[in-house]
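Asks: Based on what follows, work out the 3D shape:
(chains A, B and C)
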Amino acid sequence: MFRALGPQHWWPGGTRFEVIVGAILTQNTRWTNVERAIHNLRQQKLLSPAAMARVSPARLARLIRSSGYFRQKARKLKAFVRFLGDVHHGSLTKMFRTPTTILRQQLLSVHGIGPETADSILLYAGKHPVFVVDAYTRRILERHNLANGKESYDELRALFQRSLPPSAALFNEYHALIVHTGKDFCRAHAPLCEACALRPFLPPPPEVTA
DNA sequence: GCCCAGGTGGGTA
DNA sequence: TACCCACATGGG
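Replies: Reported below is the predicted structural model:
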(Lines give C-alpha, C1' and ligand atoms only; values in the text may rest on other atoms or scores of the structure.)
Protein backbone atom coordinates (compact mmCIF):
# COMPACT_ATOMS: atom_id res chain seq x y z
CA MET A 1 0.00 0.00 0.00
CA PHE A 2 2.76 2.42 0.89
CA ARG A 3 4.62 1.76 -2.34
CA ALA A 4 1.47 2.40 -4.37
CA LEU A 5 -0.05 5.27 -2.40
CA GLY A 6 2.86 6.93 -0.64
CA PRO A 7 2.85 8.63 2.76
CA GLN A 8 -0.58 9.80 3.89
CA HIS A 9 0.64 12.74 6.01
CA TRP A 10 -1.98 12.29 8.66
CA TRP A 11 -2.22 15.25 10.97
CA PRO A 12 1.22 16.68 10.15
CA GLY A 13 0.62 20.42 10.61
CA GLY A 14 -1.91 20.83 13.35
CA THR A 15 -1.26 21.16 17.06
CA ARG A 16 -1.80 18.21 19.39
CA PHE A 17 -5.03 19.78 20.57
CA GLU A 18 -6.26 20.18 17.01
CA VAL A 19 -5.56 16.51 16.40
CA ILE A 20 -7.60 15.57 19.47
CA VAL A 21 -10.49 17.77 18.40
CA GLY A 22 -10.36 16.20 14.94
CA ALA A 23 -10.35 12.71 16.41
CA ILE A 24 -13.58 13.42 18.27
CA LEU A 25 -15.29 15.31 15.46
CA THR A 26 -14.56 12.66 12.83
CA GLN A 27 -16.42 9.91 14.69
CA ASN A 28 -18.64 8.27 12.07
CA THR A 29 -18.19 11.37 9.93
CA ARG A 30 -16.38 12.32 6.73
CA TRP A 31 -13.20 14.32 7.22
CA THR A 32 -14.36 17.01 4.78
CA ASN A 33 -17.25 17.80 7.13
CA VAL A 34 -14.82 18.02 10.04
CA GLU A 35 -12.49 20.43 8.23
CA ARG A 36 -15.15 23.15 8.15
CA ALA A 37 -15.77 22.77 11.86
CA ILE A 38 -12.03 23.01 12.61
CA HIS A 39 -11.81 26.05 10.38
CA ASN A 40 -14.58 27.77 12.35
CA LEU A 41 -12.95 26.93 15.66
CA ARG A 42 -9.61 28.31 14.49
CA GLN A 43 -11.21 31.47 13.17
CA GLN A 44 -12.87 32.01 16.55
CA LYS A 45 -9.59 31.24 18.33
CA LEU A 46 -11.10 28.31 20.18
CA LEU A 47 -8.47 25.71 19.25
CA SER A 48 -6.89 25.67 22.69
CA PRO A 49 -7.95 23.75 25.80
CA ALA A 50 -8.35 26.96 27.84
CA ALA A 51 -10.49 28.73 25.23
CA MET A 52 -12.64 25.68 24.64
CA ALA A 53 -13.20 25.31 28.36
CA ARG A 54 -14.65 28.83 28.46
CA VAL A 55 -16.92 28.80 25.40
CA SER A 56 -20.61 28.04 25.91
CA PRO A 57 -21.85 24.60 24.79
CA ALA A 58 -24.43 26.26 22.52
CA ARG A 59 -21.85 28.37 20.71
CA LEU A 60 -19.48 25.44 20.42
CA ALA A 61 -22.24 23.30 18.95
CA ARG A 62 -23.12 25.99 16.41
CA LEU A 63 -19.50 26.27 15.23
CA ILE A 64 -19.06 22.52 14.73
CA ARG A 65 -22.46 21.99 13.12
CA SER A 66 -20.98 20.73 9.83
CA SER A 67 -19.39 17.73 11.52
CA GLY A 68 -22.74 16.19 12.43
CA TYR A 69 -23.99 15.04 15.86
CA PHE A 70 -23.03 18.58 16.83
CA ARG A 71 -24.74 18.73 20.23
CA GLN A 72 -23.27 15.38 21.26
CA LYS A 73 -19.82 16.33 19.99
CA ALA A 74 -19.90 19.71 21.75
CA ARG A 75 -20.55 17.79 24.95
CA LYS A 76 -17.70 15.40 24.17
CA LEU A 77 -15.21 18.22 23.53
CA LYS A 78 -16.26 19.84 26.79
CA ALA A 79 -15.81 16.54 28.61
CA PHE A 80 -12.28 16.19 27.27
CA VAL A 81 -11.10 19.69 28.24
CA ARG A 82 -12.65 19.22 31.68
CA PHE A 83 -10.72 15.94 32.06
CA LEU A 84 -7.53 17.62 30.87
CA GLY A 85 -7.94 20.39 33.42
CA ASP A 86 -8.95 18.15 36.31
CA VAL A 87 -6.43 15.35 35.85
CA HIS A 88 -3.47 16.94 34.03
CA HIS A 89 -3.64 20.62 35.05
CA GLY A 90 -4.70 21.53 31.50
CA SER A 91 -1.36 20.45 30.06
CA LEU A 92 -1.19 18.12 27.06
CA THR A 93 2.52 17.74 27.68
CA LYS A 94 1.82 16.38 31.16
CA MET A 95 -1.00 14.23 29.84
CA PHE A 96 1.14 12.59 27.17
CA ARG A 97 3.95 11.94 29.65
CA THR A 98 1.58 9.51 31.38
CA PRO A 99 2.43 5.85 30.66
CA THR A 100 0.47 4.56 27.66
CA THR A 101 -1.67 1.96 29.41
CA ILE A 102 -2.64 4.32 32.22
CA LEU A 103 -3.43 7.21 29.89
CA ARG A 104 -5.48 4.88 27.69
CA GLN A 105 -7.62 3.90 30.68
CA GLN A 106 -8.03 7.55 31.64
CA LEU A 107 -9.11 8.53 28.13
CA LEU A 108 -11.63 5.68 27.96
CA SER A 109 -13.24 7.02 31.12
CA VAL A 110 -14.01 10.36 29.42
CA HIS A 111 -17.50 10.74 27.97
CA GLY A 112 -17.39 10.37 24.19
CA ILE A 113 -13.98 8.74 23.99
CA GLY A 114 -14.19 5.08 23.04
CA PRO A 115 -11.36 2.74 22.03
CA GLU A 116 -10.78 4.05 18.51
CA THR A 117 -10.79 7.69 19.56
CA ALA A 118 -8.57 6.96 22.58
CA ASP A 119 -6.04 5.17 20.38
CA SER A 120 -6.18 7.89 17.69
CA ILE A 121 -5.39 10.48 20.36
CA LEU A 122 -2.56 8.37 21.79
CA LEU A 123 -1.05 7.67 18.37
CA TYR A 124 -1.66 10.77 16.26
CA ALA A 125 -1.48 13.45 18.95
CA GLY A 126 0.84 11.77 21.46
CA LYS A 127 3.00 9.50 19.27
CA HIS A 128 2.37 6.59 21.63
CA PRO A 129 2.79 3.30 19.72
CA VAL A 130 -0.77 1.95 19.79
CA PHE A 131 -2.43 0.50 16.70
CA VAL A 132 -5.77 2.07 15.78
CA VAL A 133 -8.44 -0.44 14.77
CA ASP A 134 -11.49 0.70 12.84
CA ALA A 135 -14.34 -0.79 10.85
CA TYR A 136 -12.18 -1.09 7.73
CA THR A 137 -9.43 -2.88 9.60
CA ARG A 138 -11.96 -5.41 10.83
CA ARG A 139 -13.42 -5.97 7.34
CA ILE A 140 -10.02 -6.44 5.78
CA LEU A 141 -8.97 -8.95 8.43
CA GLU A 142 -12.20 -10.89 8.02
CA ARG A 143 -11.83 -10.98 4.26
CA HIS A 144 -8.36 -12.43 4.62
CA ASN A 145 -9.48 -14.98 7.17
CA LEU A 146 -7.40 -13.37 9.88
CA ALA A 147 -10.52 -12.65 11.94
CA ASN A 148 -14.00 -14.12 12.19
CA GLY A 149 -15.95 -11.05 13.28
CA LYS A 150 -16.27 -12.11 16.90
CA GLU A 151 -13.02 -10.60 18.16
CA SER A 152 -13.12 -7.61 20.46
CA TYR A 153 -11.49 -4.32 19.57
CA ASP A 154 -8.61 -5.06 21.92
CA GLU A 155 -8.02 -8.51 20.46
CA LEU A 156 -7.59 -7.04 16.98
CA ARG A 157 -5.35 -4.30 18.32
CA ALA A 158 -3.24 -6.96 20.04
CA LEU A 159 -2.96 -8.91 16.78
CA PHE A 160 -1.27 -5.95 15.09
CA GLN A 161 0.82 -4.96 18.09
CA ARG A 162 2.30 -8.42 18.57
CA SER A 163 2.95 -8.80 14.83
CA LEU A 164 4.73 -5.49 14.26
CA PRO A 165 7.55 -3.54 15.90
CA PRO A 166 6.10 -0.94 18.31
CA SER A 167 6.69 2.06 16.07
CA ALA A 168 4.36 5.05 16.20
CA ALA A 169 5.46 6.10 12.72
CA LEU A 170 4.63 2.66 11.32
CA PHE A 171 1.25 2.45 13.06
CA ASN A 172 0.43 5.98 11.92
CA GLU A 173 1.07 5.20 8.26
CA TYR A 174 -0.55 1.77 8.37
CA HIS A 175 -3.85 2.92 9.83
CA ALA A 176 -3.95 5.94 7.52
CA LEU A 177 -3.44 3.71 4.48
CA ILE A 178 -6.22 1.38 5.60
CA VAL A 179 -8.63 4.28 6.04
CA HIS A 180 -7.55 5.87 2.76
CA THR A 181 -8.36 2.75 0.80
CA GLY A 182 -11.44 2.20 2.96
CA LYS A 183 -14.16 -0.06 1.75
CA ASP A 184 -12.52 -0.28 -1.67
CA PHE A 185 -9.28 -1.61 -0.24
CA CYS A 186 -9.48 -4.99 -1.94
CA ARG A 187 -11.06 -3.95 -5.21
CA ALA A 188 -9.09 -0.78 -5.81
CA HIS A 189 -5.76 -2.31 -4.94
CA ALA A 190 -6.18 -5.93 -5.90
CA PRO A 191 -2.73 -6.01 -7.52
CA LEU A 192 -1.26 -5.32 -4.09
CA CYS A 193 -3.31 -7.94 -2.37
CA GLU A 194 -2.50 -11.59 -3.00
CA ALA A 195 -5.67 -12.89 -1.39
CA CYS A 196 -7.80 -10.70 -3.60
CA ALA A 197 -5.79 -11.36 -6.73
CA LEU A 198 -6.46 -15.06 -6.26
CA ARG A 199 -10.07 -14.63 -5.22
CA PRO A 200 -12.25 -12.07 -7.02
CA PHE A 201 -14.18 -9.68 -4.84
CA LEU A 202 -17.47 -11.13 -3.65
CA PRO A 203 -20.22 -9.05 -2.12
CA PRO A 204 -21.46 -10.19 1.29
CA PRO A 205 -24.33 -12.71 1.17
CA PRO A 206 -27.82 -11.22 1.51
CA GLU A 207 -29.39 -11.16 4.95
CA VAL A 208 -31.69 -14.09 5.57
CA THR A 209 -34.83 -13.02 7.38
CA ALA A 210 -37.09 -15.36 9.31
C1' DG B 1 -34.09 9.98 -2.64
C1' DC B 2 -30.88 6.78 -0.53
C1' DC B 3 -26.63 5.29 1.45
C1' DC B 4 -22.77 6.08 4.06
C1' DA B 5 -18.95 8.28 6.69
C1' DG B 6 -11.77 7.58 10.33
C1' DG B 7 -17.98 5.71 16.70
C1' DT B 8 -20.00 6.16 21.21
C1' DG B 9 -23.23 5.81 24.98
C1' DG B 10 -27.52 4.50 26.89
C1' DG B 11 -31.26 1.33 27.26
C1' DT B 12 -33.26 -3.32 27.30
C1' DA B 13 -33.46 -8.55 27.69
C1' DT C 1 -22.93 -10.23 27.32
C1' DA C 2 -25.57 -9.08 23.19
C1' DC C 3 -28.15 -6.51 20.46
C1' DC C 4 -30.88 -1.98 19.39
C1' DC C 5 -31.11 2.78 18.77
C1' DA C 6 -30.18 7.89 18.81
C1' DC C 7 -27.07 11.13 17.49
C1' DA C 8 -27.02 14.73 12.32
C1' DT C 9 -24.55 16.89 8.48
C1' DG C 10 -22.96 16.69 3.70
C1' DG C 11 -21.25 14.19 -0.48
C1' DG C 12 -21.66 10.58 -4.08
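
Asks: Flag the shaky bits of chain A, pLDDT-wise.
Replies: Within chain A, the ranges that satisfy pLDDT under 70 run A:182-210.

Asks: go again using 90 as the cut-off
Replies: Per-residue confidence for chain A (pLDDT under 90) gives these ranges: A:1-6, A:8-14, A:135-136, A:138-150, A:178-210.

Asks: mind listing what's buried in the longest helix seen in chain A?
Replies: Counting residues, the longest helix found in chain A (DSSP state H) is helix A:70-88. By neighbour count on 16 or more other C-beta atoms under 10 Å, the buried set for helix A:70-88 is A:70, A:73-81, A:83-84, A:88. C-betas here are computed from N, CA, C, even on glycine.

Asks: What is the most widely separated pair among the residues you listed?
Replies: For these, the maximum inter-member distance is 26.3 Å, found between A:70 and A:88 (C-beta to C-beta).

Asks: Report the distance from stretch A:115-133 to the chain centre.
Replies: How far stretch A:115-133 lies from its chain's middle: 7 Å, per C-alpha atoms, centre = their mean, to the nearest Å.

Asks: And stretch A:135-145, by the same measure?
Replies: The gap between where stretch A:135-145 is centred and where its chain is centred comes out at 17 Å by C-alpha atoms, centre = their mean.

Asks: Spatially, what comes nearest to residue A:171 if we skip its sequence neighbours?
Replies: Nearest residue to residue A:171 in three dimensions, chain neighbours excluded: residue A:131, at 4.9 Å (C-beta to C-beta, 6 or more residues apart in numbering).

Asks: residue contacts, the one you found?
Replies: Residues touching residue A:131, when contacts are defined by C-beta atoms under 8 Å, 6 or more residues apart in numbering, comprise A:119, A:123, A:157, A:160, A:161, A:164, A:171, A:174, A:175.

Asks: Tell me the helix or strand right after the strand or helix carrying residue A:32.
Replies: In this structure, residue A:32 is located in helix A:31-43 according to DSSP states H and E. Counting by DSSP H and E, the next helix or strand C-terminal to helix A:31-43 is helix A:49-54.
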